[in-house]
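Visitor: Pasted the sequence and its predicted model underneath.
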Amino acid sequence: MSRLKTLSDEFKKLRARLEQGGGAERIKRQHDQGKLTARERAWERAHADAVKDGAPRGWAVNGVDATLKALNRGQVRTLLADGHDDDARIDEAVEEALGQRAQVDVLYDDKARRVVDGLAALLRFRDR
């Protein structure tokens, strides 16, 4: 086996171990307590920040109505849904986004949810 292949395999194993954080049991314990892992919180907050930064530039939309319009135009790359919002249109939007092969993230982190007004999206392309 070549040295590069060996190093590549070692890197992949290390990355997989690091992604487990404290291990599967610890992650399950946090989820059972209704908590997110630090990695999950960071991921959700990064997406919410991308919406906050991208909306003024036309690369993101925020709010149920604006997001549904973007979804109908096929613009949505990543759909962000508030995990605690009971609006039935959000469930329909998630189904539509999955049908369009968009990434869908449901937000449970309070800081991330405060940025998203029920539904938001990062866009594939801007309106001209």
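Guide: Done, it's in.

Visitor: Geometric centre of this protein: which residue is closest?
Guide: Taking Cα atoms, centre = their mean as the criterion, residue 105 is the residue nearest the geometric centre of the chain, at 3.5 Å.

Visitor: Name the nearest residue to it, ignoring sequence neighbours.
Guide: For residue 105, ignoring the flanking residues on the chain, the nearest one in space by Cβ to Cβ, 6 or more residues apart in numbering is residue 80 at 5.4 Å. Placement of C-beta: from N, CA and C, glycine included.

Visitor: tell me which strands and helices the longest strand belonging to the chain is in contact with?
Guide: Counting residues, the longest strand found in the chain (DSSP state E) is strand 76-82. Under the contact criterion of 3 or more Cβ pairs under 8 Å, 6 or more residues apart in numbering; DSSP states H and E, strand 76-82 touches helix 38-54, helix 64-72, helix 88-99, strand 103-107, strand 119-123.

Visitor: Check which helices and strands the second one sits against.
Guide: Contacting helix 64-72 under the criterion 3+ Cβ pairs under 8 Å, 6+ apart are the following elements: strand 60-62, strand 76-82, helix 88-99, strand 119-123.

Visitor: same deal with the longest one?
Guide: With contacts defined as 3+ Cβ pairs under 8 Å, 6+ apart, the packing partners of helix 38-54 are strand 60-62, strand 76-82, strand 103-107, helix 110-115, strand 119-123.

Visitor: List the residues that contact the residue nearest to the centre of the chain.
Guide: 43, 44, 47, 78, 79, 80, 81 (Cβ atoms under 8 Å, 6 or more residues apart in numbering).

Visitor: per-residue pLDDT, the fourth one?
Guide: Just to be clear, that refers to residue 78. Per-residue confidence (pLDDT) for residue 78: 96.

Visitor: Any idea how many residues pack against it?
Guide: By other Cβ atoms under 10 Å, 18 other residues sit near residue 78.

Visitor: my guess is it meets residue 47, correct?
Guide: Yes. Counting by Cβ atoms under 8 Å, residue 47 is a contact partner of residue 78 at 6.7 Å.

Visitor: who touches both of those two?
Guide: 105, 122.

Visitor: What's the first helix or strand after the lowest-mean-pLDDT helix or strand in the chain?
Guide: Least confident helix or strand of the chain, by mean pLDDT, DSSP states H and E, is helix 3-19 with a mean of 79. With elements assigned by DSSP states H and E, the helix or strand that comes after helix 3-19 is helix 24-32.
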